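sharing a model that was predicted from the sequence below.
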Amino acid sequence: MSMIMRGTRVPARWRLLACSLLFMASASLPARADDGIVDVHALPQLAGAVEDTSHPDRYRVEYRVPTPQVVTLPAVRKLLSADGWVPYVMPLEEKSTTLKFKKGRQGLSVHFTQALGRPDQSVVYYTTDRIYSNVPFPEGASDIVFDGTRPYLGCVAPTALDATSDFYTSQMAAIGWRKLTPETAAPWTTTGLDETVPNGQRAFFDHPDGDVTGFYKQKPVMLTLTRRDDGRTNVDIRIAPFALPADLKADSDLAGLPRPSPTKTAMGKGSASSDKREMSAAVMAELPAVLAFYRRELAARGWQENGNATVATDDEMAIKVSSAEESGVLRLSRKYDFTIVSLATQLTEAALAVRIKAKKEADERFFKDAETAAKQAIAADEVRRKAQAATLSDAPLNALADSKTPVPLPETAEGVKFAGDDGQLEFSSGSSVKALTAFYRASMKTSGWKEQPSVINQPNMAVMEFSKGGKAISMTVMQMGPKVNVRADGSGLMMAAAKPAASVEAQAKSAEPLTPDSESQLPVPTQRSSTSLATTKLPGSEAPFRRELEASIPAPLGDVLAFYRTELGKLGWQEKADNSSVSTERAQIDFASPQGPAVLKLGRARGETTVNLAQKNPDAATKADIMPKPGQARLMLGNVGPKEAALTINKQTIKIAAGAGGPQSPKGPMLDLPPGKYQYALRVAGRPARNETLTVAAGDAWGLMVGPSGDVLPLQMY
């Protein structure tokens, strides 16, 4: 029989033959069971479990139980322990809610979630865990900390030192571990196998590779047993120190500070330009190797040692370090088989003063440049506006004949768009803002409408508010280039479009009773074509101060209204008669809920009933410091862009620092305003000015967030 050496190129026809044979073998022979993987579908489940079989998975099981997580977790631990599974925790994961178990050479992870919308129910997940480096647990051991990837084991055996030593001598050999001898240890070390341990014993083992056992390129391990005062034995198994790297390589920096490789965990705070910065890591190496790494890397960056910050021991030390601009402390300590690193630095007072001065000068230059640019932009815009306005006509306007809209249209109206169902009207005109506002003020007054004073009445933009008989219309007239745009909305513009009799009858009938969705946080029928739920809260806060549900329901408005009156009543919501209105096409009802004020709005669109249900939580808003003053609205400003922004509204200019109101700086500037419609202007250095409008009501809280590209995102927060 011919043989092919490893590394030799194989002819294509041989590869084809091998693939054919493999295919035939796989088709005729059953797959060999993997003894290292537990059959999670055969594991015991808690009483009342309902397994989710919608997504079959060989390595994962999901089931729901009728108990909250606080009850479910200990119950699962007890259930699996009774089935022979030994619980343990992973190094550095003592606070994890995921349960870890080991049974022989099989591993198991169990984690939990709350059932959607049901805090009284839990979902349990069993997932297989492969143990790549198996070591035996003494029967009855406690305080077990284990990682099967290296391995690492720390525990307390209930037996005396000699009995524990006999256990490991037999059980390590039973799963293939071999005690190291000077000959087998030669590739790793020529010394250290005869180490003595005060009040204990030490031995070294290696393990050959094997498909059956799952071991592959296993490094030698060190077993240390020490006698305890209570007669029990401390057990520690870890990678032998001589098999760990002595010369650590550099990984990518954290917070601009050096990080060694390999690490189990690592994190950084700040950056190379921060006044204070910090990095921490759990390094898979001995303390002397980590210390040598930092001495080398810090010296290469111009840092120097300034003595010990505390008394150094074999397992813990702290060293003072400094550079031309910073001082800091490097702390090293041992935990499990890791060296824990903490390096914290801060600018010296002199360097901080220089940086503050430089920032102040840069800010002054920025604001001076921004002011100059703003003046130039405003001047250029004014010239352009006047040139465009010169083409607009100030001539008095007459009403357009045969208009089908609830309010008159001027004879110069173009591109008219009217939506009676939504109460919206929009068109453009070649007449000036002055002519159009004069037309509407005169015509609306003649029709009995009363105008409310507005703070916006400029040559290029005007806002008019009209009311009559409990209905309202808001109109915005704005010059936009060579034309003037007119937009109006409000209940005074609502008109029910003519519908065939069959359509009206269809809405009067209900196909089936509406049933509530038990999984939803706010009531919504299961019979719906779409739904969304939005909550708003500040970073770090627990309770949302506003929740808003939107849905579209294929049912008559009357049936949907009856559904909400019933379901909201069950939740303790009380309907308020003030400001409530109900018609065949639209409804708005105010409620007093246990958490705070709420409003339900219903409408009709595309043959379905639209739902908007918003609920406020004044306690959460007050705690988050966003509660508006009585009779006013609150505006919260943020800026996640890289540059400072300036926002002008209601004759006030507010500077918004870069990062204000973002994840690192939760609170940005705040402003209280009377209710009304406002025009605001945003300016960011290097970007064109933006002009927008915002309408706020008494008791509302709005957020205006400046994005990275200089755009503004308005969001109702409360």
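Received it, and whenever you're ready, just let me know what you need.

ok, longest strand in this protein?
For the chain, the strand with the greatest residue count under DSSP state E is strand 118-130.

strands paired with that strand, and their directions?
Using DSSP bridges, strand 118-130 pairs in its sheet with strand 60-65 (antiparallel), strand 106-115 (antiparallel).

buried ones in the very next helix or strand once past it?
Remark: after strand 118-130, the chain's next helix or strand is strand 142-147, criterion DSSP states H and E. For strand 142-147, a neighbour-count test (16 or more other CB atoms under 10 Å) marks I144, V145, F146, D147 as buried. For every residue, glycine as well, the C-beta is placed using N, CA and C.

and if you look at stretch 426-433?
Quick answer for stretch 426-433 (16+ other CB under 10 Å): F427, S428, S429, S431, S432, V433.

do stretch 110-119 as well
Within stretch 110-119, the residues that qualify as buried are V110, F112, A115, counting by 16+ other CB under 10 Å.

with stretch 347-363 instead?
In stretch 347-363, counting by 16+ other CB under 10 Å, buried: L347, A351.

what is the mean pLDDT for that stretch?
Mean pLDDT, stretch 347-363: 84.

then stretch 41-48?
The model assigns stretch 41-48 a mean pLDDT of 95.

give me the residues contacting that stretch.
Residues outside stretch 41-48 that contact it (CB atoms under 8 Å, 6 or more residues apart in numbering) are 51, 61, 63, 65-67, 72, 75-76, 79-80, 83, 108, 124, 126.

now for the spatially closest residue to K404 that is not a sequence neighbour: which residues touch it?
Of all residues beyond its chain neighbours, the one nearest K404 is F418 (7.4 Å), with distances taken as CB to CB, 6 or more residues apart in numbering. With contacts defined as CB under 8 Å, 6+ apart, F418 is in contact with K404, T405, Q424, L425, E426, L493.

cool, L225 as well?
L225 makes contact with L161, T164, S165, Y168, V197, G200, Q201, R202, T233, N234, V235, D236 under the criterion CB under 8 Å, 6+ apart.

confirm it sits in a helix?
No. With DSSP: H, G, I helix; E, B strand; the rest coil as the criterion, L225 is strand rather than part of a helix.

pLDDT score for it?
L225 carries a pLDDT value of 97.

does K102 touch W85 like I think?
Yes. With contact defined as CB atoms under 8 Å, K102 and W85 form a contacting pair (7.1 Å).

shared neighbours, the two?
Contact criterion CB under 8 Å, 6+ apart; residues shared by K102 and W85: L108.

hmm, back to that, and the longest strand of the chain, what's buried?
Within strand 118-130, the residues scored as buried using 16+ other CB under 10 Å are Q121, S122, V123, V124, Y125, Y126, T127, T128, D129.

could you find the closest non-adjacent residue to the second one?
Of all residues beyond its chain neighbours, the one nearest S122 is T72 (4.1 Å), with distances taken as CB to CB, 6+ apart.

got the contact list for that neighbour?
For T72, the contact set (CB under 8 Å, 6+ apart) comprises L46, V65, F112, S122, V124.

can you put these in a markdown table and add distance to T345?
Below are these laid out as a markdown table (distance: CB to CB, whole Å):
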| residue | distance to T345 |
| --- | --- |
| L46 | 51 |
| V65 | 50 |
| F112 | 40 |
| S122 | 45 |
| V124 | 45 |
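
what's the most distant pair in the residues you listed?
The span of those, defined through CB to CB, is set by L46 and F112 at 11.2 Å.

mind listing the shared neighbours of those two?
Joint contacts of L46 and F112 (CB under 8 Å, 6+ apart) are T72, V76, V124.

and the last one, what are its bridge partners?
When you say that, I think you mean V124. Here V124 sits in beta bridges with Y63, F112, as judged by DSSP bridges.

so how far is P288 from it?
According to CB to CB, to the nearest Å, V124 and P288 sit 45 Å apart.

same check on the first one?
Computed with CB to CB, the distance linking T72 and P288 is 46 Å.

burial count for P669?
Neighbour count of P669, defined by other CB atoms under 10 Å: 17.

contacting residues around it?
Applying CB under 8 Å, 6+ apart to P669 gives the contacts M636, L637, I654, K655, I656, A660.

and of these, the nearest to S96?
A660 (34.9 Å).

please enumerate the strands of the stretch 351-500 of the chain.
Using DSSP state E, counting those that start in this stretch, the strands of the stretch 351-500 of the chain run over 413-419, 424-429, 450-452, 457-458, 461-468, 471-480, 483-489.

between these, which one is nearest to A292?
If we rank those by CB to CB, the stretch that ends up nearest is strand 471-480, at 68.4 Å.

just checking, what packs against that closest one?
Secondary-structure packing of strand 471-480 (3 or more CB pairs under 8 Å, 6 or more residues apart in numbering; DSSP states H and E): helix 349-389, helix 433-446, strand 461-468, strand 483-489.

what do you get if the cut-off is 6 Å, keeping everything else the same?
Using 3 or more CB pairs under 6 Å, 6 or more residues apart in numbering; DSSP states H and E as the contact test, the elements touching strand 471-480 are helix 433-446, strand 461-468, strand 483-489.

excluding its backbone neighbours, what's nearest T213?
In this structure, T213 finds its nearest non-sequential neighbour in G176, 5.4 Å apart by CB to CB, 6+ apart.

what about that neighbour, distance to V135?
11 Å.

can I get the helices and strands packed on strand 471-480 in TSV including mean pLDDT and distance to L561?
What follows is the helices and strands packed on strand 471-480, written out as TSV (pLDDT from 0 to 100; distance: least, CB to CB, whole Å):
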stretch	mean pLDDT	distance to L561
helix 433-446	92	32
strand 461-468	91	26
strand 483-489	92	23
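
and these as TSV, adding distance to S709?
Below are these laid out as TSV (distance: least, CB to CB, whole Å):
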stretch	distance to S709
helix 433-446	30
strand 461-468	25
strand 483-489	24
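
now do the strands in the stretch 551-700 of the chain.
With strands called from DSSP E, counting those that start in this stretch, the stretch 551-700 of the chain shows them at 574-582, 587-592, 597-605, 608-616, 633-639, 645-649, 652-656, 670-673, 676-684, 690-696.

next, the buried residues of stretch 632-652.
632-641, 643-649.

please disregard the earlier target; I meant stretch 486-493.
Here stretch 486-493 shows V486, A488, D489, G490, S491, G492, L493 as buried, counting by 16+ other CB under 10 Å.

looking at those residues, which is nearest D247?
D247 lies nearest to D489 out of these, by CB to CB, at 71.6 Å.

now the closest one: closest residue in space that isn't a chain neighbour?
Q424 (4.8 Å).

wait, that neighbour touches G490, no?
No. Checked against CB atoms under 6 Å, the pair Q424 and G490 is beyond contact range at 8.8 Å.

can you say which of the contacts of L225 are buried?
Listed as buried from these are L161, T164, S165, Y168, G200, Q201, R202, T233, N234, V235, D236; burial here means 16+ other CB under 10 Å.

measure the first one to I319 for me?
Okay, so that is L161. 37 Å.

and if you look at the third one?
Distance, S165 to I319, using CB to CB: 39 Å.

so can I have CSV of the buried residues of strand 118-130 showing pLDDT and distance to L557?
Formatted as CSV, the buried residues of strand 118-130 follow (pLDDT from 0 to 100; distance: CB to CB, whole Å):
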residue, pLDDT, distance to L557
Q121, 91, 34
S122, 93, 39
V123, 94, 37
V124, 95, 43
Y125, 96, 43
Y126, 96, 47
T127, 95, 48
T128, 94, 52
D129, 92, 54
